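Have a look at this prediction, sequence included:
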Amino acid sequence: MVARTPLNNQIRASKVRLIDETGKQVGVVTLQEALVMAQQKGCDLIQVTEKVDPPVCRLGDYGKYLYQQDKKDKAIKKPTGGGLKEIRLTFNISDHDLETRVKQAEKFLSRGDRVRIALPLRGRQKALRDHAKEKIEKFLSILNARVPAKAEKPIQQEPRGLSMIIGKQ
């Protein structure tokens, strides 16, 4: 549960550092003076921080203040790229499907994500790993023509196929 911001008569300090609704500092005033100013302007007196002495208070609309705080909190929590996305290729992928996967990878890289390219192999395909490596290299060459990308991990052989991780240069 988030602690509620004290406002108006909930503020317990005798003196406060006051900021008006335009963001200009008024200075250190008594709580009664600040409440009178807020009432005259039709605003709320909102305690912004209590970590300093005297605490900082601002004149403004309490609902608007909460909305701005919510926006700040959401912006902090929102992940900004750096994740790992996976694109799966198949052994017999057509050129058009390869183009579609390249567009996906381009979108992921432009957002700041890394991309894992996986090409699973089944049965007889495991004997033809060279052909599978050529498919991944063809994918990379098409991608590098559009977006400069570098291999963070080279093509690796895994129990069920091949994979590699690329990132934006």
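That came in fine, so what should we check first? Bear in mind that the values here come from a model prediction, so they are computed numbers and not experimental data. Numbers count the residues shown, from 1 in each chain.

tell me the domain boundaries of this protein?
8-77, 84-168 (automatic domain parsing).

worst average pLDDT in these?
Per-stretch mean pLDDT for the domains of the chain is lowest at domain 8-77 (a mean of 85).

Between the two ends of that one, what distance do you get?
30 Å (Cα to Cα, to the nearest Å).

now stretch 21-38
In stretch 21-38, first residue to last residue: 10 Å (Cα to Cα).

if we look at that stretch, which residues are touching it?
Residues from elsewhere that reach stretch 21-38 (Cβ atoms under 8 Å, 6 or more residues apart in numbering): 8-9, 11, 13-20, 41, 43-45, 54, 57-60. For glycine as for every other residue, the C-beta is placed from the backbone atoms N, C-alpha and C.

cool, stretch 144-156 as well?
Residues from elsewhere that reach stretch 144-156, judged by Cβ under 8 Å, 6+ apart: 102, 105-106, 109-110, 114-115, 133, 136, 140, 143, 162-169.

Give me the buried entries from those.
Neighbour counting by 16 or more other Cβ atoms under 10 Å classes 102, 105-106, 109, 114-115, 136, 140, 143, 162-168 among the contacts of stretch 144-156 as buried.

For residue 71, give its distance to residue 4.
18 Å (Cβ to Cβ, to the nearest Å).

what do you get for residue 64?
From residue 64 over to residue 4 (counting by Cβ to Cβ), the distance is 16 Å.

Neighbour count for the two, which is higher?
Neighbour totals were compared for residue 64 and residue 4, and residue 64 leads with 12 against 8 (other Cβ atoms under 10 Å).

mind checking which helix or strand that one is in?
Taking DSSP states H and E as the definition, residue 64 sits inside helix 62-77.
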